[in-house]
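Asker: need a 3D model of the sequence below.
(one chain, ligands or ions: 2)
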Amino acid sequence: MNISVIGTGYVGLVSGVCFADLGHKVTCVDKDIQKVMKLRNGEVPIYEPGLQELMVKNAAAGRLSFTHDVPEAVQDAEIIILAVGTPSLPNGEANLQYIEQAAREIALAMNGYKIIMTKSTVPVGTNEHIRSIIASLTELPFDVASVPEFLREGSAISDTFHPDRIVIGTDSETVKEKLTELHSKLANNILITDVRSAEMIKYASNAFLATKISFINEIANICEKVGADVTLVARGMGYDRRIGSAFLSAGIGYGGSCFPKDTDALIQIAGNVEYDFKLLKSVVNVNKDQRFNVIRKLQEALGDLSGKTIAIWGLAFKPNTDDVRYAPAIEIIGELTRLGCTVKAYDPVAMENFRKSGNYENVIWCDAMTSAAADSDALCLLTEWDEFKKADLAYIEKIMNQPVLIDGRNVFTKDKIALTNFHYYSVGRPNINQVSQAIYSDAAV
Ligand SMILES: NC(=O)C1=CN([C@@H]2O[C@H](COP(=O)(O)OP(=O)(O)OC[C@H]3O[C@@H](n4cnc5c(N)ncnc54)[C@H](O)[C@@H]3O)[C@@H](O)[C@H]2O)C=CC1
Ligand SMILES: O=C(O)[C@H]1O[C@H](OP(=O)(O)OP(=O)(O)OC[C@H]2O[C@@H](n3ccc(=O)[nH]c3=O)[C@H](O)[C@@H]2O)[C@H](O)[C@@H](O)[C@@H]1O
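Answerer: Ligands and ions are numbered 1, 2, ... in the order given. A predicted model of the protein is given here:
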């Protein structure tokens, strides 16, 4: 099939590359000309394991091309995938300006029947809105379908080739057949729904996963007070197939380009129909507060943080990505500098994106985890990169001013910590923490 993809962010690029790899002819379109030039040169603008090799291979085979010319891409395609961004507006609602603009551009470029398949995450009713925008600009026939995307950054290729399910929201038999055929090599588990249900499945899925994370984070906070270990609690819960073990890792809360934005948007979607989504509001509030436990633990260990030097390991919102959108590190570093600390920050791949994400004063950007740790009063691990898991803690302890380690992702084992003199704080594992009392007598408890 001939496919064109509008938007070459994570979703557009990964789906375009994967559909090309399945033998389709794919044209990826982006209005950002510099991005298109990079892609044509075989450069991937995001860090995603395996993506570049697959992209270069399919481009060389002539199945994958890049353009900023929407009409050219639309006219050649039977299926047009909409994968533009839907960021948050200040009130939490999804900003549909890119979707609306792309719909207008598609309509004006159409030269015959097209299937417009929306992969962007959009509020319930948006695909009907897209349909009405296009219908107002062309009399040519077309169908609009909602096919939400469930890939995760960092494992996007494998998630795309091996999805748990494909959801196709459509009221058209032709679309049902065409899109089932398109996805048949990827999944046996294809659910056909009406358009509104497909749109809701996406928000409900992300909101549920966010709920699991906030739930386990609250359990972790209680574990710290009652002397239980949240990792064992999560394991014990996860063996119950009704609960499942995924997304029960306690930490510093979820970040990323989707959970924060999609939970806010779902609260707004509910609010627009006068439904107060109390549970999801709590999930969001718990998440916002969870990252500040890192600061509280630092204060417990060091007392007044003013004048202290704090090392940060990990800036990306999760490992295997250079994405820092809504990364917990943004607020943690912001708060530390506000409290008068000097921050020494290091991430294996997200340094550049992070530096561009704000105006950071009193932050020293380090080129290695050891240089960040050197001469610091405490070390905070915020992203569970493999590199940090393998760190030689005995050496790290020696080069620091004071041996304080705040492990925001429960990366280190009791055995590894026992070989050091670190004052170790993790999340919901009080029995592993070596000390719970302050180092200094003036410390706030
Ligand atoms: N990032 C992720 O892992 C996932 C994202 N999603 C959803 O997919 C959508 C896209 O997200 P990302 O891939 O992160 O997007 P992104 O925001 O990183 O990139 C979107 C791209 O679309 C381009 N664009 C905007 N308007 C355009 C137009 N009219 N014509 C051509 N190009 C245009 C922009 O220049 C940009 O390169 C969002 O709705 C998001 O919620 C869904 C699942 C996973
Ligand atoms: O809509 C989206 O964009 C995507 O959002 C998430 O994917 P992603 O944000 O890439 O990454 P996740 O692996 O879900 O992690 C999100 C955040 O939750 C945190 N997390 C995750 C799992 C966990 O147990 N604990 C936890 O704190 C991670 O550290 C990270 O900050 C969903 O997992 C995808 O299914 C969805 O397609």
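
Asker: please count neighbours and contacts with C-alpha atoms only from this point.
Answerer: Will do.

Asker: grab the nearest non-local neighbour of the residue in the stretch 251-400 of the chain positioned nearest to ligand 1.
Answerer: As assessed by C-alpha to the nearest ligand atom, ligand 1 sits closest to Cys258 within the stretch 251-400 of the chain, at 5.4 Å. Spatial nearest neighbour of Cys258, excluding adjacent residues (C-alpha to C-alpha, 6 or more residues apart in numbering): Asn206 at 7.9 Å.

Asker: quick one: contacts for the closest residue to Phe422 other than its chain neighbours?
Answerer: Residue nearest to Phe422 in three dimensions, not counting chain neighbours: Pro403, with 4.8 Å by C-alpha to C-alpha, 6+ apart. The neighbourhood of Pro403, defined by C-alpha atoms under 8 Å, 6 or more residues apart in numbering, consists of Asp377, Ala378, Glu397, Asn421, Phe422, His423.

Asker: let's go with 7 Å and repeat that
Answerer: By C-alpha atoms under 7 Å, 6 or more residues apart in numbering, Pro403 lies in contact with Ala378, Glu397, Asn421, Phe422, His423.

Asker: give me the neighbour count for the last one.
Answerer: Using other C-alpha atoms under 10 Å, His423 has 20 neighbouring residues.

Asker: relative to Leu54, how far out is it?
Answerer: 45 Å (C-alpha to C-alpha, to the nearest Å).

Asker: get me the contact residues on the protein for ligand 2.
Answerer: 149-153, 213, 247-251, 253-256, 258-259, 317-318 (C-alpha under 6 Å from any ligand atom).

Asker: can I get the buried part of those residues as one PyMOL selection?
Answerer: Buried residues within the residues of the chain next to ligand 2, by 16 or more other C-alpha atoms under 10 Å, are selected in PyMOL with:
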select buried, resi 149+150+151+153+213+247+248+249+250+251+253+254+255+256+258+259+317+318
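
Asker: let's see if you can find the most crowded of the contacts of Pro403.
Answerer: Neighbour counts for the contacts of Pro403, by other C-alpha under 10 Å, peak at Ala378, which reaches 27 neighbours.

Asker: next up, the contacts around that residue.
Answerer: Ile310, Ala311, Gln402, Pro403, Val404, Leu405.

Asker: ok, the last one to Val17 distance?
Answerer: Per C-alpha to C-alpha, Leu405 is found 41 Å from Val17.

Asker: compare those two (neighbour count), which wins?
Answerer: Between Leu405 and Val17, Val17 has the larger neighbour count (other C-alpha under 10 Å), namely 28 against 24.

Asker: that one: what's its closest spatial neighbour, skipping adjacent residues?
Answerer: Nearest one to Val17, counting by C-alpha to C-alpha, 6+ apart, is Met55 at 5.6 Å.

Asker: and what of Gly112?
Answerer: Leu140 (5.9 Å).

Asker: with Thr138 instead?
Answerer: Ala107 (6.0 Å).

Asker: is it true that the one you found touches Glu139?
Answerer: No - between Ala107 and Glu139 there is no contact under C-alpha atoms under 7 Å: 9.2 Å.

Asker: more crowded one of those two?
Answerer: Just comparing Ala107 and Glu139: by other C-alpha under 10 Å the higher neighbour count belongs to Ala107, 24 against 11.

Asker: which element is the more buried one on?
Answerer: helix 97-109 (DSSP states H and E).

Asker: now do the contacts for Ser155.
Answerer: Per C-alpha under 7 Å, 6+ apart, neighbours of Ser155: none.

Asker: give me the buried positions along the helix or strand where Asn285 lies.
Answerer: Taking DSSP H and E as the definition, one finds Asn285 inside helix 278-290. Buried residues in helix 278-290, counting neighbours by 16+ other C-alpha under 10 Å, are found at Leu280, Lys281, Val283, Val284, Val286, Asn287, Lys288, Gln290.

Asker: mind giving me the packing neighbours of the biggest helix by length in the chain?
Answerer: Ordering each helix of the chain by length in residues (DSSP state H) puts helix 195-226 first. On a contact count with 3 or more C-alpha pairs under 7 Å, 6 or more residues apart in numbering; DSSP states H and E, helix 195-226 meets strand 142-146, strand 166-169, helix 230-238, helix 259-272, helix 278-290.
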